[in-house]
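J.: I'd like to go over a predicted model; first the sequence, then the structure.
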Amino acid sequence: MTDIKVIIPAFNEAESIAHVINELPKSVSEVIVVNNNSTDDTVKNAEIAGATVLTETKKGYGYACLKGLDYVASTSKQPDIIVFIDGDYSDYPEELDKVVAPILENNIDFVVGARTKGLREEGSMTPQQIFGNWLATFLMRLFFGAKFTDLGPFRAIKYEKLKELNMEDKTYGWTVEMQLKVLKKKMTYTEVPVRYKRRIGISKVSGTVKGSIFAGIKILGWIFKYSIK
């Protein structure tokens with residue numbers, strides 16, 4: 001049976017985290033929530049919902065993801081697939097089986113859950129998110145011939161392939177770094193359209209001007225870094 005582990009970075013997601021955990025399908029063997037300096041009941045609610053909870057005190061999305069991967073590497077049984085999903089309940093966790101299907105059925109290495117316009121709840125993505133996704137994927141098409149349309153956080157990858165990527169970004173550039181490295185290493189990839197709704201609470205990135213600016217700088221920095229290599 002395929003072993004699927006889910007990593008959820010979480011900062012102050014007390015109201016949403018249990019919903020995400022509880023609605024993941026039974027095909028998941030372990031849910032790993034990485035508490036990234038939450039000051040609310042995120043840890044308590046995640047533990048009650050049955051997740052393995054880790055704490056990463058260095059603030060940043062990438063730091064939290066890397067903490068989760070360090071834990072996975074230390075376990076006695078390595079998974080076949082790692083799935084990343086946000087803890088804000090903007091994705092539909094029950095769609096995980098749909099996201100991993102190309103890996104299981106077609107031996108694809110990497111899958112992005114694409115937040116296509118027709119499946120997005122109105123207002124679920126800010127104008128700066130929509131523009132940022134368009135610009136980043138346009139540049140990836142321009143420089144690398146990529147077919148990505150989104151930098152969606154709901155994504156699945158073969159664990160062995162993920163290890164080959166040697167992920168390093170500590171903050172906002174995590175998603176685009178992964179996609180760029182998949183392209184550079186000529187791994188197989190695809191997108192699966194997923195539904196997307198308004199998140200619970202305020203976004204720590206797109207919900208603030210500072211967060212949006214820093215995310216944009218990070219994403220463009222990774223793209224131009226790889227385009228000149």
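T.: Arrived safely. Numbering: from 1, shown residues only.
J.: quick check, pLDDT for Phe224.
T.: At Phe224, the model reports a pLDDT of 74.
J.: Lys44 and Glu13: what is the separation?
T.: Lys44 sits 12 Å away from Glu13, going by Cβ to Cβ, to the nearest Å. C-beta here means a position set from N, CA and C on the backbone, and glycine is covered the same way.
J.: any stretches of this structure with poor pLDDT?
T.: For the chain, applying pLDDT under 70 flags the ranges 201-212, 214-215, 227-229.
J.: assign the most centrally placed residue in it to helix, strand or coil.
T.: Centroid check for the chain by Cα atoms, centre = their mean gives Pro153 as the closest residue, at 3.0 Å. Following DSSP: H, G, I helix; E, B strand; the rest coil, the label given to Pro153 is coil.
J.: quick one on the thing from earlier: and Lys44 and Glu13? Which one has more around it.
T.: Glu13 (29 against 14; other Cβ atoms under 10 Å).
J.: identify the residues contacting that one.
T.: When contacts are counted by Cβ atoms under 8 Å, 6 or more residues apart in numbering, Glu13 touches 20, 38, 40, 42, 87-88, 200-201.
J.: what does Glu121 give?
T.: 195-198.
J.: in helices, which of these fall?
T.: The helices, defined by DSSP state H, take in nothing from the contacts of Glu121.
J.: right, and the pair among these with maximum separation?
T.: By the measure Cβ to Cβ, Arg195 and Arg198 form the most distant pair in the contacts of Glu121, at 11.7 Å.
J.: distance of Tyr189 from Leu135?
T.: Tyr189 sits 20 Å away from Leu135, taking Cβ to Cβ as the criterion.
J.: hmm, I was thinking of Leu180
T.: The gap separating Leu180 from Leu135 is 14 Å, by Cβ to Cβ.
J.: so which of these two has more stuff around it?
T.: Applying other Cβ under 10 Å to Leu180 and Leu135 shows that Leu180 carries more neighbours, namely 25 against 14.
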